[in-house]
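1. Pasting the sequence and the predicted model now:
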Amino acid sequence: MRKIGFLGLGIMGRGMAANLVRAGYQVTVWNRTPRACDPLVELGARRAGSIQEAVRASEVTIAMLADPAASRDVALGPDGVVACLQPGQAYVDMSTVDPDTARTIADAVNRVGGRFLEAPVSGSRKPAEEGTLVILAAGDTELYREMQPVFEVLGKKNLHFGEVGQAAAVKLIVNMTMGGMMGLLAEALALGQNCGIDGQALLEVLDSGAVANPMFRLKGPRILVDQHDPHFPLKHMQKDLRLAVGLGDERQQTLPTVACVNETFKRALAAGLGDCDFAAVARVLQAREGGGP
Ligand code: NAP
């Protein structure tokens, strides 16, 4: 497959689409806010004026969109992907959504004779730019096989988890783990600060023992200097926690830690931190008085 449509050029999508252009694919890009297409067009991508123009120009269309509402709009809307997909044409949604959204889109694609793969990713802005994402796929196994060369451009590893919905579940489980770890790191640094402990020294201790991990190493120093340019926007982490809590409800699986961390992220969202990196959740924990940010 050499002709690829790419829908959604946010923090992740723009790096991924750029890698496909550089790898020699004929990429047709579309974004709801059209100016996001400009740098990609400069790089050699074609510009689509509509979702359907991108789909018609392509053998496979990839989407990398904000949340379940965006994925549903783009796939199922009156001018969306399914409304113009031809039998045999492929659609790969790489957005992080809940299993039910993935299954609803898969059913709609299959009803018109299309082929569907869900393929959310692990990894952030840099891995998207460097082509080192971990791709979590589920659905049409033949399409998964055909997508291997594309996935090899976008990621360092890809796995297939069976029926559509399973990759979404894996992705939410990974992100609820990350959200929980971030909540705890933020609380640790806030308590440390409150006790007059040097933050760098505390991070060094954490990094020297059994809880050492790349995320603490990367985000810890940023929390200390309170710099939160978005790699993974806080609003998306809260969305993933919300979806994980919902999945727990659906499966009758108790998730007390995740529910609690979700509340902290909701507070950060209400404090206007949604477009900051998710490490900015630390701001609402550092407040000494009044409980505000
Ligand atoms: P982002 O920067 O917020 O970009 C979101 C994209 O979705 C933009 O292109 C936006 O278009 C589009 N969009 C939102 N609502 C839409 C709608 N109703 N119709 C059409 N397009 C819509 O997000 P991102 O960081 O690239 O993340 C994309 C997805 O990957 C999310 O599901 C996120 O959870 C997941 N993810 C992110 C990371 C990360 O570290 N950033 C890592 C792994 C997975 P506009 O430009 O018009 O707003």
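-> Received it, and whenever you're ready, just let me know what you need. Numbering: from 1, shown residues only.

2. ranges for the strands of the stretch 51-200 of the chain?
-> 60-63, 90-93, 115-118, 121-122, 133-139, 155-160 (DSSP state E, counting those that start in this stretch).

3. Adding distance to the ligand, mean neighbour count and mean pLDDT, write these out as JSON lines.
-> C-betas here are computed from N, CA, C, even on glycine. Output for the strands of the stretch 51-200 of the chain, formatted as JSON lines (distance: least, C-beta to the nearest ligand atom, whole Å; neighbours: other C-beta atoms under 10 Å; pLDDT from 0 to 100):
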{"stretch": "strand 60-63", "distance to the ligand": "9", "mean neighbour count": "26", "mean pLDDT": "98"}
{"stretch": "strand 90-93", "distance to the ligand": "10", "mean neighbour count": "27", "mean pLDDT": "98"}
{"stretch": "strand 115-118", "distance to the ligand": "12", "mean neighbour count": "26", "mean pLDDT": "98"}
{"stretch": "strand 121-122", "distance to the ligand": "5", "mean neighbour count": "21", "mean pLDDT": "97"}
{"stretch": "strand 133-139", "distance to the ligand": "8", "mean neighbour count": "25", "mean pLDDT": "98"}
{"stretch": "strand 155-160", "distance to the ligand": "11", "mean neighbour count": "16", "mean pLDDT": "98"}
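
4. Make TSV from those and add distance to Arg35 to it.
-> Shown next, in TSV, are the strands of the stretch 51-200 of the chain (distance: least, C-beta to C-beta, whole Å):
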stretch	distance to Arg35
strand 60-63	19
strand 90-93	24
strand 115-118	29
strand 121-122	24
strand 133-139	25
strand 155-160	27
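
5. so which of these gets nearest Glu187?
-> Glu187 sits nearest to strand 121-122 of all these, at 24.0 Å, using C-beta to C-beta.

6. quick one: Glu163 and Gly139 touch, right?
-> Yes. Taking contacts as C-beta atoms under 8 Å, Glu163 lies within contact range of Gly139: 7.4 Å.

7. one step back: of the strands of the stretch 51-200 of the chain, which is nearest Val174?
-> strand 121-122 (5.6 Å).

8. Residues touching the closest one, excluding its own?
-> Here strand 121-122 makes contact (C-beta atoms under 8 Å, 6 or more residues apart in numbering) with 12, 94, 128, 133-136, 154-155, 171, 174.

9. Parallel or antiparallel, list what pairs with that strand.
-> Here strand 121-122 has these sheet partners by DSSP bridges: strand 133-139 (antiparallel).

10. Gly139 touches Val109, doesn't it?
-> No. Assessed by C-beta under 8 Å, Gly139 is found out of contact with Val109, at 9.3 Å.

11. overlap in contacts of the two?
-> Phe116.

12. quick one, phi psi at the residue nearest to the spatial centre of the chain?
-> Using C-alpha atoms, centre = their mean, the residue of the chain that lies closest to the mean C-alpha position is Thr96, 4.9 Å off. Main-chain torsions, Thr96, degrees, to the nearest 10: phi -90, psi 110.

13. now the closest residue in space to it that isn't next to it in sequence: how far from the ligand?
-> Of all residues not flanking Thr96 in the chain, Pro120 sits nearest, at 4.8 Å (C-beta to C-beta, 6 or more residues apart in numbering). Applying C-beta to the nearest ligand atom, to the nearest Å, the value for Pro120 to the ligand is 6 Å.

14. Make sure Pro120 is actually in contact with Val134.
-> No. With contact defined as C-beta under 8 Å, Pro120 does not reach Val134; the gap is 9.8 Å.

15. out of everything not next to it in sequence, what's closest to Arg103?
-> In space, Arg103 is closest to Gly165, 4.9 Å off (C-beta to C-beta, 6+ apart).
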